[in-house]
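Novice: quick one: sequence plus predicted model below, questions after.
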Amino acid sequence: MNLEDNLKRLYEDIEIAKSNSHFKRDVKLIAVSKTHPVEMIKNFNKLGLIDFGENKVQELLSKIEDSEIEEKLKNNKINFHLIGNLQTNKVKYIYDKVELIQSLDRIKLAKEINKRASNDDMKVNCLVQINIGNEDTKSGIKYEDTEDFIYELLDYENINIKGLMAIAPNSTDETLLRKLFEKMNIMFENIASKNYERVEMKYLSMGMSHDFKLAIEEGSNMIRVGSKLFGNRNYN
Ligand SMILES: *Cc1c(COP(=O)(O)O)cnc(C)c1O
């Protein structure tokens with residue numbers, strides 16, 4: 001597998017989707033490196049990718065222990081995003097090491113992040129995860145609860161809300177996916193219009209390998225792509 005070709009093809013597809021979209025938003029690419037070795041992260045980083053996504057705290061920690069990665073992290077030549085369900089008791093290991101926690105979905109979790117951040121007199125950037133397909137198997141708050149949830153988060157002064165994240169259902173139903181992405185964008189613009197302190201609707205994180213084109217067409221400006229770049233995952 002040629003990583004450079006994968007990346008080139010992906011950039012081309014992103015441009016096509018952007019040109020098909022009436023939003024014309026710049027799209028930030030998060031390379032989802034979960035289950036793949038640090039060597040592949042280093043190779044993609046050499047090809048210019050900066051932002052990587054991991055969904056497990058333990059795996060993220062072991063990857064940033066690598067001396068080359070550690071050095072690049074210090075110099076902002078590489079960033080990690082936590083994109084998976086985050087247990088409250090694991091916040092302490094990562095809150096000051098990630099660029100963005102994309103999976104903020106509970107007040108209890110916000111409380112813990114805020115406590116750690118406040119002890120360090122720092123701010124932690126988070127996205128609010130919405131369970132857009134209302135699926136039992138997925139984390140995230142209910143779409144209908146988004147406004148109330150964000151309103152509650154205003155109490156936590158060491159958390160900056162930077163946008164919304166969603167994982168669409170694993171479906172090939174284009175009409176359904178489009179409708180869900182469109183709903184996400186409506187909420188994104190709705191929350192932005194409130195002008196809450198510490199709430200900036202900067203990122204609308206939606207779209208993965210199978211649905212990023214539709215997501216971009218419907219307004220996504222941050223996509224999280226794994227298999228299209230790294231190949232299939234091997235969960236052994
Ligand atoms: C694994 C994962 C992705 C990437 O999935 P691909 O289908 O491999 O592109 C994106 N977002 C989240 C939250 C993930 O867990």
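Specialist: Good, I have the coordinates. Residues are numbered from 1 along each chain as shown.

Novice: which parts of this structure are strands?
Specialist: Assigned by DSSP state E, the chain shows strands spanning 28-32, 51-54, 79-82, 100-104, 124-130, 159-166, 199-205, 222-225.

Novice: mind saving the C-alpha coords of the longest one as CSV?
Specialist: Taking only C-alpha atoms (Å, rounded to 0.1, in the frame of the first residue of the first chain), the coordinates of strand 159-166 have been written out as CSV:
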residue,chain,number,x,y,z
ILE,A,159,-13.4,24.2,29.0
ASN,A,160,-13.5,25.9,25.6
ILE,A,161,-16.2,24.5,23.3
LYS,A,162,-14.9,24.5,19.7
GLY,A,163,-17.7,22.8,17.9
LEU,A,164,-19.7,19.7,17.3
MET,A,165,-18.8,16.1,16.4
ALA,A,166,-20.9,13.3,15.1
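
Novice: for residue 7, give its distance to residue 44.
Specialist: According to C-beta to C-beta, to the nearest Å, residue 7 and residue 44 sit 7 Å apart. Any C-beta I mention is one placed from the backbone N, CA and C, and that applies to glycine too.

Novice: looking at this structure, which residue is nearest the ligand?
Specialist: Nearest to the ligand in the chain, going by C-beta to the nearest ligand atom, is residue 226, at a distance of 2.6 Å.

Novice: just grab the bridge partners of the spatially closest residue to that residue that is not a sequence neighbour for me.
Specialist: In this structure, residue 226 finds its nearest non-sequential neighbour in residue 32, 3.4 Å apart by C-beta to C-beta, 6 or more residues apart in numbering. Assessed by DSSP bridges, residue 32 has beta-bridge partners residue 53.

Novice: just give the number of residues close to residue 32.
Specialist: Residues near residue 32, counting by other C-beta atoms under 10 Å, number 26.

Novice: got the contact list for it?
Specialist: 52-55, 83, 208, 224-226, 229-230 (C-beta atoms under 8 Å, 6 or more residues apart in numbering).

Novice: which two among those residues are spaced furthest apart?
Specialist: Spanning the widest gap among those are 55 and 229, at 15.3 Å by C-beta to C-beta.

Novice: re earlier: and the residue of the chain closest to the ligand, how far is that from residue 124?
Specialist: Distance of residue 226 to residue 124, given as C-beta to C-beta: 24 Å.

Novice: what's the local residue count around residue 77?
Specialist: 12.

Novice: what sits against it?
Specialist: Contacts of residue 77 (C-beta under 8 Å, 6+ apart): 45, 50.

Novice: hmm, 6 Å instead?
Specialist: By C-beta atoms under 6 Å, 6 or more residues apart in numbering, residue 77 lies in contact with nothing.
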